[in-house]
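Chemist: sequence-free structure coming up:
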């Protein structure tokens with residue numbers, strides 16, 4: 001089942017996939033003009049999901065959120081229920097005060113696999129049923145109704161993710177929002193700004209303060225998060241495009257190819273050229 005709503009005046013799009021064979025996303029090829037955020041629910045057994053060329057275990061009865069610039073495919077997409085939307089339909093950045101998910105729920109480096117208990121699964125099943133009903137109801141408030149449901153879905157998934165991943169007793173909302181803002185700043189600036197001091201200045205915090213804060217949230221340092229984001233993008237460009245290593249070097253804000261190559265090998269254990277020429281799990285557009 002594939003259901004879609006398109007708003008002619010804004011270009012906003014909302015899609016729902018249920019047990020659809022072949023459901024995937026190819027950002028650098030077929031889907032480069034369709035910038036959809038994705039919320040995927042694995043309703044079946046544990047299976048493999050390939051995200052930007054890397055394999056991950058997608059546990060049974062769990063949720064996964066993916067950014068618009070990520071490519072993915074599922075070993076068994078018929079066990080997936082997924083929602084996709086573009087920023088024209090609902091911009092999570094402009095409406096962050098409503099859903100509080102930017103910089104946490106959607107990330108290019110850390111993929112949140114949100115486990116559902118029986119109550120959460122029942123609530124999500126009910127919500128998906130209401131979505132399908134509204135998709136099939138064509139009237140003058142259909143778009144508004146689906147937007148309300150999408151907000152409700154995002155807020156609910158964010159709440160589940162925070163409960164599972166954030167040490168609530170140690171991390172107050174103010175500190176949590178600083179982490180989200182840091183991740184958002186990295187997403188917007190990682191190609192040109194590689195130092196923690198830049199992001200600390202933007203947040204009016206000392207670099208050491210940021211490091212201490214992230215130690216509460218997880219084991220990665222701010223520097224590691226920046227480096228991970230650069231590596232993820234480098235892998236995408238090497239894996240999915242025909243751009244030269246020199247081109248990628250400059251695109252990612254490095255001035256010297258040898259320095260970029262050393263940086264890439266230090267973080268991945270393989271040189272950029274070897275990674276580019278390695279056998280691919282799934283070559284996009286082929």
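Modeler: That came in fine, so what should we check first? Predicted model, so just to flag it, every value in this text is computed and none were measured.
Chemist: show me the shaky parts of this protein.
Modeler: 92-104, 107-110, 164-174, 217-219, 280-286 (pLDDT under 70).
Chemist: in it, which helix is the longest?
Modeler: helix 142-165 (DSSP state H).
Chemist: next SSE after that helix?
Modeler: Next helix or strand after helix 142-165 toward the C-terminus (DSSP states H and E): helix 173-189.
Chemist: circling back: what angle do helix 173-189 and the longest helix of the chain make with each other?
Modeler: 110 degrees (axes from the mean of the first three to the mean of the last three C-alpha atoms, to 10 degrees).
Chemist: elements contacting helix 142-165?
Modeler: strand 2-6, strand 13-18, strand 37-42, strand 62-66, strand 80-85, helix 96-99, strand 113-115, helix 118-135 (3 or more C-beta pairs under 8 Å, 6 or more residues apart in numbering; DSSP states H and E). For the C-beta atoms, the positions are set from N, CA and C on the backbone; glycine is no exception.
Chemist: make TSV from these and add mean neighbour count to it.
Modeler: Output for those, formatted as TSV (neighbours: other C-beta atoms under 10 Å):
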stretch	mean neighbour count
strand 2-6	14
strand 13-18	20
strand 37-42	22
strand 62-66	23
strand 80-85	24
helix 96-99	13
strand 113-115	18
helix 118-135	15
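Chemist: what's the closest of those to residue 155?
Modeler: helix 96-99 (5.3 Å; C-beta to C-beta).
Chemist: could you tell me the end-to-end distance of stretch 185-199?
Modeler: 7 Å (C-alpha to C-alpha, to the nearest Å).
Chemist: off-centre distance for that stretch?
Modeler: Taking C-alpha atoms, centre = their mean, to the nearest Å, one finds stretch 185-199 lying 18 Å from the centre of the chain it belongs to.
Chemist: what does that stretch contact?
Modeler: By C-beta atoms under 8 Å, 6 or more residues apart in numbering, the residues outside stretch 185-199 that reach it are 103, 108, 182, 202-203, 207, 210-211, 222-223, 225-227, 229-230, 233, 251-253.
Chemist: what's the burial count for residue 194?
Modeler: Counted by other C-beta atoms under 10 Å, the residues lying close to residue 194 total 19.
Chemist: sorry, wrong one. I was asking about residue 138.
Modeler: By other C-beta under 10 Å, the residues close to residue 138 number 8.
Chemist: is it located within a helix, as I assumed?
Modeler: No: Residue 138 sits outside any helix when classified using DSSP: H, G, I helix; E, B strand; the rest coil, being coil.
Chemist: how much space separates it from residue 145?
Modeler: Per C-beta to C-beta, to the nearest Å, residue 138 is found 11 Å from residue 145.
Chemist: just send the helices and strands packed on helix 142-165 back as JSON lines, with distance to residue 175 too.
Modeler: Output for those, formatted as JSON lines (distance: least, C-beta to C-beta, whole Å):
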{"stretch": "strand 2-6", "distance to residue 175": "37"}
{"stretch": "strand 13-18", "distance to residue 175": "33"}
{"stretch": "strand 37-42", "distance to residue 175": "25"}
{"stretch": "strand 62-66", "distance to residue 175": "22"}
{"stretch": "strand 80-85", "distance to residue 175": "29"}
{"stretch": "helix 96-99", "distance to residue 175": "16"}
{"stretch": "strand 113-115", "distance to residue 175": "21"}
{"stretch": "helix 118-135", "distance to residue 175": "26"}
